[in-house]
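S.K.: got a predicted structure plus its sequence, pasted below:
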Amino acid sequence: MANVADLKNELSASMKKADEVSALMREVSTKLEEVQIRMGNALSGTDDKELQNMLNAWVAQARKDAKEITEILPSITSNIGNYVSRL
């Protein structure tokens, strides 16, 4: 039974970490939005549209990735919680 208790503890710790990562990813997404705005302001005076487009595309993809991670983590946490409750 000690193995089951250890597994429950490990899964509970994993759930806590997933919640922490979710909060961090929300913060990352917010910071990326700020970066995108600042880059837009900084590059507004330049004629280098290729650079503007490249940087905007990079930030947009990073924001999308952060959002996807943030959205999937609650499901993962829920699944872990279900497994813990079954043990």
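M.R.: That came through, no problem. Residues are numbered from 1 along each chain as shown.
S.K.: contacts, neighbours, all on C-alpha from now
M.R.: Fine.
S.K.: for Ser12, list the residues it contacts.
M.R.: Ile80, Gly81, Val84 (Cα atoms under 8 Å, 6 or more residues apart in numbering).
S.K.: helices or strands next to the helix or strand hosting the first one in the packing?
M.R.: Per DSSP states H and E, Ile80 falls inside helix 49-86. The elements that helix 49-86 packs onto, with contact taken as 3 or more Cα pairs under 8 Å, 6 or more residues apart in numbering; DSSP states H and E, are helix 2-43.
S.K.: and the helix it packs on, how far out from the chain middle?
M.R.: Computed by Cα atoms, centre = their mean, to the nearest Å, the chain-centroid distance of helix 2-43 equals 5 Å.
S.K.: before we move on, what about stretch 64-77?
M.R.: 6 Å.
S.K.: what about dumping the CA coordinates of that stretch to PDB?
M.R.: The C-alpha coordinates for stretch 64-77 follow below in PDB (Å, rounded to 0.1, in the frame of the first residue of the first chain):
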ATOM      1  CA  LYS A  64      -0.800  31.000 -29.500                       C
ATOM      2  CA  ASP A  65       1.500  28.300 -28.100                       C
ATOM      3  CA  ALA A  66       1.200  29.800 -24.600                       C
ATOM      4  CA  LYS A  67      -2.600  29.900 -24.900                       C
ATOM      5  CA  GLU A  68      -2.800  26.300 -26.100                       C
ATOM      6  CA  ILE A  69      -0.600  25.100 -23.200                       C
ATOM      7  CA  THR A  70      -2.700  27.200 -20.700                       C
ATOM      8  CA  GLU A  71      -5.900  25.700 -22.100                       C
ATOM      9  CA  ILE A  72      -4.800  22.000 -22.000                       C
ATOM     10  CA  LEU A  73      -3.300  22.000 -18.600                       C
ATOM     11  CA  PRO A  74      -6.600  22.100 -16.700                       C
ATOM     12  CA  SER A  75      -7.600  19.000 -18.600                       C
ATOM     13  CA  ILE A  76      -4.400  17.300 -17.600                       C
ATOM     14  CA  THR A  77      -4.800  18.300 -14.000                       C
END
